[in-house]
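J.: sequence and predicted structure are below.
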Amino acid sequence: MPQFDMMLITAAEAGQAERLKSEPGKAALSGAGDLTYRCGACKARLLNTVSHDQICGIVVECGKCGKLNAVPHDHHHHH
């Protein structure tokens, strides 16, 4: 199951995006997909077994280090 590091962004870059916050030691979102994403700063798991359509355009605040993360742009597959 592939794991990817998320892209660190600023609050300004996050803008009005839907924002999730993880709790330390827990993913902010889990699903039935095959993608797992980690915080770009501290490598905490933020999105666990999600699919692309679940995570399009969301921002995750890491509950461990407080950084804002976005899904890297090259992982957006539009079908």
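T.: Cool, the structure landed.
J.: just checking, what packs against the lowest-mean-pLDDT helix or strand in the chain?
T.: One helix or strand of the chain scores below all others by mean pLDDT, DSSP states H and E: helix 52-55, with a mean of 89. Applying 3 or more Cβ pairs under 8 Å, 6 or more residues apart in numbering; DSSP states H and E, we find helix 52-55 packed against strand 35-38. Yep, even glycine has a C-beta here, placed from its N, CA and C like the rest.
J.: from residue 18, how far out is the residue lying closest to residue 39 once chain neighbours are set aside?
T.: Excluding its sequence neighbours, the residue lying closest to residue 39 (Cβ to Cβ, 6 or more residues apart in numbering) is residue 62, at 4.3 Å. Distance, residue 62 to residue 18, by Cβ to Cβ, to the nearest Å: 16 Å.
J.: so between those two, which is more surrounded?
T.: The residue with more neighbours, out of residue 62 and residue 18, is residue 62; 24 against 11, by other Cβ atoms under 10 Å.
J.: I'd assumed residue 50 was in contact with residue 29.
T.: Yes. Checked against Cβ atoms under 8 Å, the pair residue 29 and residue 50 is within contact range at 5.9 Å.
J.: noted, bye for now.
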